[in-house]
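Engineer: Sequence and computational prediction follow.
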Amino acid sequence: MATLNKIRVSIVEDDPSIRESLASLVIHGTGMELYTIHPNAEDALTQLQGPGPDLVIMDINLPGKTGIECVKELKETCPATQFLMYTVQDDDQQVFEALKAGANGYILKESTPDQILEAVRELMDGGAPMSAPVARRVVTHMRRAQTAASDGSTPQGLTPREGMVLELLAQGLLYKEIAARTGTTTGTVKQHIHRIYAKMHVQNRTEAVNRFYGR
């Protein structure tokens, strides 16, 4: 995480006007600095090597390789980098394919400048920011999965409380926010999450959400 130093942000966006607007937003954003700018996935894959930036704002509908394909490949070369998908579309297929590829957040291009900056900060603070329409789709999908369980417990053998915690994780809430919602402590939330990951045989939030959806 980039807590003491500025958050180094790269941008991958094919539209010149949007690309420049994002660049200006990052340059003037408190606690941020512009790392690199790329017009397509191929350029990003060539230029971003080693430790890479702290965060990449990634368009999905790029010419050539898509943003989803780009994230999947960059995860191999820049494993510590966070990826914030930035797109005009919020259809289920793209949302879940992006999460499956390793995206950490998903916001729409209709988001305001303040919402974009907040998403960057939230992601670097351990959250998983999503625009409201995207979050609703995720929650709806999860509730359908829970309803489909026939034994009274959530899929993957989770208890109802663990299923609730996982649903809140999918909404992008931080541990302290989940604790407030569930009336427990942050330590208890961490214990729930540890058990969730163990039962689902996953290592992180994104993998857990994808496994819960059966993807």
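Structural biologist: That came through, no problem. Keep in mind that what you see is a predicted model, and the values were worked out from it rather than measured.

Engineer: where do the strands sit along this protein?
Structural biologist: 7-12, 32-38, 55-59, 82-87, 105-108 (DSSP state E).

Engineer: tell me the most buried of those?
Structural biologist: Most buried of those, by mean neighbour count (mean count of other CB atoms under 10 Å): strand 55-59, with a mean of 27. Bear in mind the C-beta positions are built from the backbone N, C-alpha and C, glycine included.

Engineer: Kindly report the domain assignment for this structure.
Structural biologist: Dividing the chain into domains by automatic domain parsing, as the record does, gives the ranges 7-130, 135-212.

Engineer: Comparing those by mean pLDDT, which bottoms out?
Structural biologist: Lowest mean pLDDT within the domains of the chain: domain 135-212, at a mean of 73.

Engineer: so how far is that one off the chain centroid?
Structural biologist: Taking CA atoms, centre = their mean, to the nearest Å, the mean C-alpha location of domain 135-212 is offset from the chain mean by 16 Å.

Engineer: picking up where we left off before, among the domains of the chain, show me which one is buried the most.
Structural biologist: The most buried one of the domains of the chain (mean count of other CB under 10 Å) is domain 7-130, showing a mean of 19.

Engineer: first vs last residue of that one, how far apart are they?
Structural biologist: End-to-end distance of domain 7-130 (CA to CA, to the nearest Å): 19 Å.

Engineer: got it, and stretch 44-61?
Structural biologist: 14 Å.

Engineer: Figure out how far it is from the centre of its chain.
Structural biologist: 14 Å.

Engineer: hang on, residue 97 packs against residue 68?
Structural biologist: Yes. At 5.3 Å, residue 97 counts as touching residue 68 under the criterion of CB atoms under 8 Å.

Engineer: Now tabulate the strands of the chain in a markdown table and tack on distance to residue 191.
Structural biologist: A markdown table is the format used below for those (distance: least, CB to CB, whole Å):
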| stretch | distance to residue 191 |
| --- | --- |
| strand 7-12 | 30 |
| strand 32-38 | 34 |
| strand 55-59 | 29 |
| strand 82-87 | 25 |
| strand 105-108 | 25 |
